[in-house]
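# Pasting the sequence and the predicted coordinates here, then a few questions.
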Amino acid sequence: MVGVYKIQSILKPERIYIGSSINITKRWKAHINDLKRNVHKSKKLQRHYNKYGVGDFIFSILLECKVEDLMKNEQCYLDTYRPYFNTCKIAGITLGYKHSEETKLKMRKPKSEEHKRKLSKAKQGYVPWNKGKKGLYFTSEKTKLKQSIALKGKPKIRKPVVKSK
């Protein structure tokens, strides 16, 4: 379902989050997953979830619409509701987001030589999980032994060999 949705607090009904998606059900699940993992992009929504839990939220669909009208409709709702939980006040872009002064200072601060060395060391010696392996699936010796034991005493089924002339 394509449309604009709302997440609203039950205890504090003035606290609202407005969003839009081309698949609202999938987006709601993503919100819940991000909140549970404590990585939601809206710090206010994350803090509210951490304090009151998912049971305090009501998810509702405000409007079903065409994909091409999605951003325009979301913007109308953002302007109307002025949602507390939304970080960005413009639909679809992060222009409304303001970094704190502390964060700005951290980003400006040059990395120390020790930090650079640690980053370099962390990247060295990285070996992909499938380095030197052939094929897609790999069977450990332990697994091969288990399979061998399980197949002992069972008749072998052989495929007929077809010889071409």
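Great, that's in hand.
# where do the strands sit along the chain?
Here the chain has its strands, by DSSP state E, at 3-9, 16-21, 57-64.
# Ok, which of these comes nearest residue 31?
Closest to residue 31 of those, according to C-beta to C-beta: strand 3-9, at 6.8 Å. C-beta coordinates here come from the backbone N, C-alpha and C atoms, glycine included.
# From residue 147, how far off is residue 153?
14 Å (C-beta to C-beta, to the nearest Å).
# Neighbour count: these two, which is higher?
residue 147 (10 against 6; other C-beta atoms under 10 Å).
# now stretch 11-18, how far from the centre of its chain.
Relative to its chain's centre, stretch 11-18 lies at 23 Å (C-alpha atoms, centre = their mean, to the nearest Å).
# Buried ones in it, by neighbour count?
15-18 (16 or more other C-beta atoms under 10 Å).
# returning to that earlier point: turn the strands of the chain into JSON lines, columns for mean pLDDT and distance to residue 157.
Below are the strands of the chain laid out as JSON lines (pLDDT from 0 to 100; distance: least, C-beta to C-beta, whole Å):
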{"stretch": "strand 3-9", "mean pLDDT": "94", "distance to residue 157": "55"}
{"stretch": "strand 16-21", "mean pLDDT": "93", "distance to residue 157": "51"}
{"stretch": "strand 57-64", "mean pLDDT": "94", "distance to residue 157": "53"}
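# Those strands: which one's closest to residue 99?
strand 16-21 (20.4 Å).
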